[in-house]
Every structure is written in C-alpha cells, then in structure tokens.
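Trainee: All I have is the shape, not the residue letters:
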C-alpha cells in the first residue's frame, strides 16, 4: 500500500535478460516516467518462466503478473519466446476459464531499444490491474495466528 | 463381450507361448460386482483370468511407462492413445510393447448404475447387446447400456485403437464428434460463476492424488506436489493450494491428455477433474490443431511452434 494509505496494485514482472530487461533499463536511463507498481524479476528468457512462477505470485498476493520477452524472431536463444508464446496462450486461457480475472496475468514483447514501449506497456498493464482492484481469488490465507506480511505495508 | 474375452485370451496365450512377451497386462474380474481390475499375466496357465466387459475402466497404459520388460497390453482407444504418447515421450520403445487393441463400446459408469438400483445392491451384471442385465438378490432388471456410459465415453471420438498389433472385436463406429459443448457452455458463464463453481469443486478435494496416480501420462519420478526443494505448493487442503494443484495438474497434461477419464473415475469424492483438462484439450485443438495420441510422428504441441502462432493476447501498446 502506498504512503497515502490508498491501495496501489503490486505487480511482478518477469523480464527476459536480453530484451525486456534491457528495455526497462533503457527506460530508466532515458528518464522515462512509468508507474512504480512493478517489481522486476530478471529471468534468462521468457521461455524460462514456469507457469508455477505466475501462480506462486498470485498465491502470495501480488495483484498482477507481467511476463516480458523478446519480439518473435529476436530471441537470444532463437526459439525460447516461441515456445513461451504457446505455453502462455494456453495458461492465460486456462486461468480465465478457471475464473481468475482477465488481465491479472499479461504478456508482452519489448526489445532492448524500446524504452518508450516498455513504459507504455507498464502504463497499460498497471491501469488494467488497477481497474480490477486487489487480487483475492488465488491468494492463500495466512495460517491463523501468523501475521500476514501484507498487513504491514 | 464373451467373444472379446475369448479372443483376448487367445491372443495372450499365443504371445506367452511364443515367448514374445514377459507379461500380458489386461483385466480380470474384481472381487466386487461391477469392477474389473488390472491384471498381470506372466504364465500361460493364468491366461484364463483375463476378461473383457464394460467395467474395464482403468487406463492400462498406466503400467507400461519406464518398464524394462517386453509387454503386451490390452488397450481400448484411449489406452492406445496413451501408449502412443508414451512412445513419443520416450517412456517406452515401440518394439517393447505389443498392443492388443480392443474396439471399445464405452465403459459403464458404475456409480450411476448403483445409484439407479439403490437401495438394492447390484450383485451381478451381464451385458447383452445394447442392454445391461442387473441382478440383485431379489431383482433382475434390464437397462439400456447407452444411458449408463461414463462421461468420458460419451464424448469419445476414438473408440478404436489408434495403434494395435492385434485387433480384437469389430471396429466401432467413429462418427462421434466432440463439440466441447460443455466447455463452451462453461466459457459462456460469468467469471464469478466459473470461479464459484471451481471453488466448490476443489473444496471437495482431499488431495489424495488418485487422479494423478490413475493417469497414464503422469509418470514423473518426482511429482511437483511431492517436491520439497522447492516446495511448489502447500500440502494441506487449503483452497488456494488445491486449486493450484488442479490447475497445474491439468496444465502439465496440456496437449498430452488422451481424454480417457481415468482421473475422474479414480476420484473418491467426485471432483469435476475433466473440466480443466477438456478446456486445454479444446484450446490445443483450436490453437495448434493437435489431438493427443493420434500419431507417432506429429510433434507435441508444446515442444514445437509455428512463427505465425496466434498472439492476440500479447499487450501491444
């Protein structure tokens, strides 16, 4: 929660080392403003992102998950993002089918030279997740008597 | 049915006599009525234990993965599809297994039969053409077979074995098309309603993993639910953990599930397990044009890609 006491969405972004992460870096060094709601986790490739990472995030209480990779055809490992694309198409559809709100989990391609695009992606993703409100459906309730970390912030 | 039993025994006897296999995996009569159970025949004199009827509900491909023996396996359409998937996934070599394919007429749903006769217990069932003759201590009743088929058999599109070295019985009619009407109806519901439905379903789950154990394609030496380093999900029946278990179990079968329904029949508490599997089956078919277990040459959908795969879901500001 932000200092003002107003709810702010907390978003985890899994960014591939070669494109999206570098894109985020470029957005930073270029001093492009984007919402501060994302927490970035660097992964070697979007193909490295196990669906479990995404579900674990939602279970621990993040409000949204973004996965970023290289544009199709530009993967550092040649085909990692193609495999990821098939996997995520199924995962996204399955989660929505199961009643997880559309937009909680999003995917995008951002290249290393696209600092501006990175900022736009974050703006769009944050706005969507903000409109959904706090994530509740997959969140695991803390065991009784244990204080939830989220209660502190 | 008696005819099929005879033919299966003949085939099994021949294979054991000629020492072509070490073991024949088939079904024998169970100790309870309406139950046939998996049976492993290694000696010629045991061949007459083998039977075939409408209660052969297990998927016998469950027992062939990672075995070193030469095996013959009695396989319905779905069992044979699972064998194909296992061969493709290098869990089994083609020359290690002889498939005794049985043209399947669908298995009967034991629970529904028992409910229809309740409170009178069914002690015996006989199959005559399209009728099931149920016998109890004080009643005898004939019911139409088609009314009591398992759910997975109603939507079955491949009752005939896709892979068979020996074929038993007359190949059945394969006109049945699976329109996924149940999945479409569920998709049309509101997100809240879908969530409420699945929440209720997983709340029944006792995390016994019978679904996983019955599945012919769950052969990992260590399942993610058993892993402790890292521990992916909690082991209690917490709703969030249980739902994630069901989502991930289904996801691990994406493009591999052969729609046998063994998971759902194994479930002791009646969770609608196939809902998620069928959704993925539908998506895999729609997006990648793939159906599991139909051919030995086709690449698994998640192990391959096309440069022009659909990507309308990608955020593209």
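Mentor: Perfect, thanks for sending it. Bear in mind that the values here come from a model prediction, so they are computed numbers and not experimental data.
Trainee: Just the element for the spatially most central residue of chain A, please.
Mentor: By Cα atoms, centre = their mean, the mean C-alpha position of chain A lies nearest to residue A:66, the distance being 2.0 Å. For residue A:66, the host element (DSSP states H and E) is strand A:64-69.
Trainee: Sheet-wise, list the partners of that strand with their directions.
Mentor: Sheet pairing here is set by DSSP bridges, and for strand A:64-69 it gives strand A:11-16 (parallel), strand A:105-109 (parallel).
Trainee: Can you name the residues bridging to the closest residue to residue B:314 other than its chain neighbours?
Mentor: Once flanking residues are discounted, residue B:314 sits nearest to residue A:107: 5.5 Å by Cβ to Cβ, 6 or more residues apart in numbering or on different chains. C-beta coordinates here come from the backbone N, C-alpha and C atoms, glycine included. As for beta bridges, residue A:107 partners with residue A:67, residue B:314 under DSSP bridges.
Trainee: got a list of what residue A:107 touches?
Mentor: Residue A:107 is in contact with A:46, A:66-69, A:85, A:88, A:92, B:313-315, counting by Cβ atoms under 8 Å, 6 or more residues apart in numbering or on different chains.
Trainee: Could you tell me the average pLDDT over the strand holding residue A:66, please?
Mentor: Averaged over strand A:64-69, pLDDT sits at 98.
Trainee: helix or strand right after it?
Mentor: Strand A:64-69 is succeeded, C-terminally, by helix A:80-97 (DSSP H and E).
Trainee: quick check: angle from that following helix to strand A:64-69?
Mentor: Interaxial angle, helix A:80-97 versus strand A:64-69 (axes from the mean of the first three to the mean of the last three Cα atoms, to 10 degrees): 160 degrees.
Trainee: which helices and strands does helix A:80-97 pack with?
Mentor: Contacts defined by 3 or more Cβ pairs under 8 Å, 6 or more residues apart in numbering or on different chains; DSSP states H and E place helix A:80-97 against helix A:51-59, strand A:64-69, strand A:105-109, helix B:239-252, helix B:274-288.
Trainee: For chain B, what's the nearest residue on chain A?
Mentor: residue A:99 (2.7 Å; Cβ to the nearest Cβ).
Trainee: and that residue, what pLDDT?
Mentor: On the pLDDT scale, residue A:99 gets 95.
Trainee: for residue B:179, same thing?
Mentor: Note on residue B:179: pLDDT of 87.
Trainee: for residue A:1, same thing?
Mentor: Turning to residue A:1, the model gives it a pLDDT of 52.
Trainee: so where do the helices sit in the stretch 51-200 of chain B?
Mentor: With helices called from DSSP state H, counting those that start in this stretch, the stretch 51-200 of chain B shows them at B:77-88, B:110-117, B:151-154, B:181-188, B:191-204.
Trainee: Contacts for the first one, please.
Mentor: Identification of contacts with helix B:77-88 by Cβ under 8 Å, 6+ apart yields B:59-62, B:64-65, B:73, B:75, B:92-94, B:97, B:99, B:101, B:103-104, B:152, B:156, B:158-164, B:216-217, B:219, B:256, B:258-261, B:292-296, B:300.
Trainee: Those, buried ones only, as a ChimeraX selection?
Mentor: ChimeraX command restricting these to the buried ones, with burial defined by 16 or more other Cβ atoms under 10 Å in any protein chain shown:
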select /B:59,60,61,62,64,65,73,75,92,97,99,101,103,104,152,156,158,159,160,161,162,163,164,216,217,219,256,258,259,260,261,292,293,294,300
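Trainee: near chain A, from the contacts of helix B:77-88?
Mentor: Applying Cβ under 8 Å from any Cβ of the partner chain, the subset of the contacts of helix B:77-88 adjacent to chain A is empty.
Trainee: Tell me which of the contacts of helix B:77-88 fall in strands.
Mentor: Counting by DSSP state E, the contacts of helix B:77-88 place B:73, B:75, B:97, B:99, B:101 in strands.
Trainee: Need the max-distance pair from the residues you listed.
Mentor: Spatial extent of these (Cβ to Cβ) is set by the pair B:97 and B:101 at 11.7 Å.
Trainee: Where does the prediction get shaky in chain A?
Mentor: Applying pLDDT under 70 to chain A flags residues A:1-3, A:143-153.
Trainee: re earlier: would you tell me which one of the helices of the stretch 51-200 of chain B is buried the most?
Mentor: Highest mean neighbour count of these: helix B:77-88, a mean of 27 (counted as mean count of other Cβ atoms under 10 Å in any protein chain shown).
Trainee: now that helix, how far from the chain's geometric center?
Mentor: Put simply, helix B:77-88 sits 10 Å off its chain's centre (Cα atoms, centre = their mean, to the nearest Å).
Trainee: I'd like the mean pLDDT over that helix, please.
Mentor: For helix B:77-88, the mean pLDDT works out to 97.
Trainee: out of everything not next to it in sequence, what's closest to the residue in the stretch 51-200 of chain B positioned nearest to chain A?
Mentor: In the stretch 51-200 of chain B, no residue comes nearer to chain A than residue B:195, which is 2.7 Å away by Cβ to the nearest Cβ. In space, and not counting its chain neighbours, residue B:195 is closest to residue A:99: 2.7 Å by Cβ to Cβ, 6+ apart.
Trainee: same deal with residue B:211?
Mentor: residue B:263 (3.8 Å).
Trainee: separation between that neighbour and chain A?
Mentor: Distance, residue B:263 to chain A, by Cβ to the nearest Cβ, to the nearest Å: 16 Å.
Trainee: Can you give me the neighbour number for that residue?
Mentor: Applying other Cβ atoms under 10 Å in any protein chain shown, we find 25 residues neighbouring residue B:263.
Trainee: How about residue B:286?
Mentor: Neighbour number of residue B:286 under other Cβ under 10 Å is 12.
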